[in-house]
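Student: sequence first, then the predicted structure, then my questions.
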Amino acid sequence: MTALTLVLLALAQTAEPLDAGVAEAAVDGGAQEAPADAGVEAEPEAPPDWLHGDHLTGEWGGARTWLAEHGLTFDVVYAPELFVNTSSRPAGVSLIGHLDVTVTLDVEQLGLWPGGKFVVNAQNNHGQGINEFVGSVTEISNIEAKPYTQLGEFFYEQSILGKVLLRLGKQDANREFGTPRFGGNFINNNFGMLPSSPLPSYPTNGLAAVAVVTPVEWLAIKAAIFEGTPKLNSVGFDTAFVPGAGHFLIGGVTVHHPFVKGSKNVGNTSIGGYRQSGSFEEFTEDPNPRTFSESYGFFVQNDDRLYLNPMAEDDPRCFTFITRVGWAQPDRALIPLFVNASLVYHGLGFRQDDTVGVGGGYFTVSRQVNGASGPGGEVFVEVFYKLRLTKFFSLQPDVQYYRTPGGDGRDALIAGMRLKFKL
């Protein structure tokens, strides 16, 4: 926690003059140009000091900026979290941490060809998640998984004339088909991934070919084929082409709709469907269940962002709304029905950069976790406040409530905290 201590000490020492310092930096950085007849050139914008920079480790003496200008960027994010299930006796306590290291090579900035980039992402997960003490059908936290170290993604991406995007390699299906905008503000996994759609996603991303076509600026047409049974700690080539692995086809359309021309207020509406091949056993009380060779489903998502002052470029205050519905075949899908909604407000705090939100949802369960007969259902609710102390450090208190986790489990009230460092 040495880095956290340094950050908090620095904030405490600069809390009073911080706003003034920001204003002074804007003026000194050339926001006000010298008159044309003054004969004095405007000074170049000074780089921000460490506290107001983007990374905990700073800019490496200018090396980070130089590398980015030459096509090579490094993004390192570490997120530890602590949660307590206050409803269990004794209380269940979990501590988990997740590290993401992403390297991006932009071939256009290297002077090779336009529109191409290589992306490699390495991940490490350690600790125990809170679902061990709750018993939901889905993981509760969006970083929750068994401990592992792996190459999470490695792919090549090519943009063609700004109208077509092609991506080939191991990747997370949530990039295009799962998480709506702003869903990542929540800690609960169900605000990101679609529980009713078994997307090849964190932590079991899969080999895939993805295509996104944008014929006009308000319309995106998406399609992809993924390996059918990706596994943890796999690079994909050892799982995608074995007999019986199957495949996962998914497609969708996203419509981008601004509310007023020239306004920052915008919304996205997406609709899509999937088909997965493989072997799927029927969820039934019959002692001789059937086996199916395919499974399919569909989803609809909508997100809207509404600013308090939509015509002002420098006013970040806004509301975001998300609604989602997913359906899958109940005789072969563990989660056949999923509905979800959330409301978030952004623009609190001394930097107008904090976020507060509330959301919840319901999903059905074809086979209850604790052995009760027939299908069941889960209800979940989350409330959070994300305190962004700097651009590279945030603190997020979080409270969640689960009704009948696993379909037939004991209700749970969990509370916790996530820290996030951009190194």
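Tutor: All right, it came through fine. The shown structure was predicted, so the numbers you read here are calculated from the model rather than taken from an experiment.

Student: ok, the nearest residue to Asn131 once chain neighbours are set aside to Ile221 distance?
Tutor: Leaving aside its chain neighbours, Asn131 sits nearest to Ile140 (4.6 Å; criterion: CB to CB, 6 or more residues apart in numbering). C-betas here are computed from N, CA, C, even on glycine. Distance from Ile140 to Ile221, counting by CB to CB, to the nearest Å: 34 Å.

Student: quick one: which of those two has more around it?
Tutor: Ile140 (28 against 14; other CB atoms under 10 Å).

Student: what's near enough to touch the residue nearest to Asn131?
Tutor: Contacts were defined as CB atoms under 8 Å, 6 or more residues apart in numbering; by that measure Ile140 touches 83, 129-131, 134, 188-189, 400, 402, 414.

Student: ok, the residues you listed vs Thr355, which is closest?
Tutor: Asn188 (14.8 Å; CB to CB).

Student: which ones are touching that closest one?
Tutor: Contact analysis of Asn188 by CB under 8 Å, 6+ apart lists 140-142, 359, 380, 382, 400.

Student: then Gly376?
Tutor: Residues in contact with Gly376 (CB under 8 Å, 6+ apart) are 364-365, 368, 404, 406-408.

Student: now swap in His98 and tell me
Tutor: 78-80, 123-125, 143.

Student: give me the subset of those residues lying in strands.
Tutor: The strands, defined by DSSP state E, take in 78-80, 123-125 from the contacts of His98.

Student: which of those residues are buried, as a PyMOL select command?
Tutor: Buried members of the ones in strands among the contacts of His98, defined by 16 or more other CB atoms under 10 Å, are picked up in PyMOL with:
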select buried, resi 78+79+80+123+125
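
Student: could you dump the ones in strands among the contacts of His98 into JSON lines and include distance to Phe299 and pLDDT?
Tutor: What follows is these, written out as JSON lines (distance: CB to CB, whole Å; pLDDT from 0 to 100):
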{"residue": "Tyr78", "distance to Phe299": "31", "pLDDT": "98"}
{"residue": "Ala79", "distance to Phe299": "27", "pLDDT": "98"}
{"residue": "Pro80", "distance to Phe299": "31", "pLDDT": "98"}
{"residue": "Gln123", "distance to Phe299": "26", "pLDDT": "97"}
{"residue": "Asn124", "distance to Phe299": "30", "pLDDT": "97"}
{"residue": "Asn125", "distance to Phe299": "26", "pLDDT": "97"}
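
Student: dump the residue contacts of the residue nearest the centre of the chain.
Tutor: Nearest residue to the geometric centre of the chain (CA atoms, centre = their mean): Gly184, 4.2 Å. Gly184 sits next to 142, 191-192 when contact means CB under 8 Å, 6+ apart.

Student: for the closest residue to Leu308 other than its chain neighbours, what are its contacts?
Tutor: For Leu308, ignoring the flanking residues on the chain, the nearest one in space by CB to CB, 6+ apart is Arg317 at 4.4 Å. Contacts for Arg317 were tallied using CB under 8 Å, 6+ apart; they are 307-309, 345-347, 352.

Student: and with 10 Å instead?
Tutor: 307-309, 345-348, 352 (CB atoms under 10 Å, 6 or more residues apart in numbering).

Student: Gly152 too?
Tutor: Neighbouring residues of Gly152 by CB under 10 Å, 6+ apart: 100-102, 120-125, 170-172, 202-205.

Student: only whichever of the residues you listed are buried, select them in ChimeraX.
Tutor: Buried residues within the contacts of Gly152, by 16+ other CB under 10 Å, are selected in ChimeraX with:
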select :100,101,102,120,121,122,123,125,170,171,172,202,203,204,205
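
Student: counting neighbours, what do you get for Leu161?
Tutor: Using other CB under 10 Å: Leu161 sits among 8 other residues.

Student: that one touches Pro215, doesn't it?
Tutor: No: using CB atoms under 10 Å, Leu161 is not in contact with Pro215, being 11.2 Å away.

Student: just checking, next helix/strand downstream of the lowest-mean-pLDDT helix or strand in the chain?
Tutor: Of all helical and strand segments in the chain, the minimum by mean pLDDT, DSSP states H and E falls on helix 18-26, at a mean of 31. For helix 18-26, the succeeding helix or strand toward the C-terminus, using DSSP states H and E, is helix 63-69.

Student: helices or strands up against that next one?
Tutor: On a contact count with 3 or more CB pairs under 10 Å, 6 or more residues apart in numbering; DSSP states H and E, helix 63-69 meets strand 72-85, strand 92-106.

Student: for the last one, could you pull out the residues that count as buried?
Tutor: Spelled out, it's strand 92-106. 92, 94, 96-102, 104-106.

Student: what about it, distance to the chain center?
Tutor: Remark: strand 92-106 is offset 12 Å from the chain centroid, using CA atoms, centre = their mean, to the nearest Å.

Student: CSV for the contacts of Gly184, including pLDDT, distance to Gln329 and neighbour count?
Tutor: Shown next, in CSV, are the contacts of Gly184 (pLDDT from 0 to 100; distance: CB to CB, whole Å; neighbours: other CB atoms under 10 Å):
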residue, pLDDT, distance to Gln329, neighbour count
Asn142, 95, 26, 23
Phe191, 94, 24, 26
Gly192, 88, 23, 18
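
Student: give the buried residues for stretch 362-380.
Tutor: 363-369, 376-378, 380.

Student: which two from those residues end up farthest apart in space?
Tutor: Largest separation among the buried residues of stretch 362-380 by CB to CB: Arg367 and Phe380, giving 18.5 Å.

Student: phi, psi of Phe133?
Tutor: Note on Phe133: its backbone torsions stand at phi -110, psi 0 [degrees, to the nearest 10].

Student: what's the spacing between the residue lying closest to it once chain neighbours are set aside and Pro198?
Tutor: Leaving aside its sequence neighbours, Phe133 sits nearest to Gly92 (CB to CB, 6+ apart; 2.6 Å). Note on Gly92: its distance to Pro198, by CB to CB, is 27 Å.

Student: hmm, Thr57 is touching Tyr78, no?
Tutor: No: taking contacts as CB under 10 Å, Thr57 lies outside contact range of Tyr78: 11.3 Å.

Student: kindly reformat the ones in strands among the contacts of His98 as a markdown table containing distance to Leu334.
Tutor: Output for the ones in strands among the contacts of His98, formatted as a markdown table (distance: CB to CB, whole Å):
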| residue | distance to Leu334 |
| --- | --- |
| Tyr78 | 32 |
| Ala79 | 27 |
| Pro80 | 30 |
| Gln123 | 25 |
| Asn124 | 28 |
| Asn125 | 23 |
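
Student: I'd say Ser368 and Gly374 touch.
Tutor: To be clear, residue 368 is Gln; Ser isn't right here. Yes: assessed by CB under 10 Å, Gln368 is found in contact with Gly374 at 7.5 Å.

Student: great, nothing more from me.
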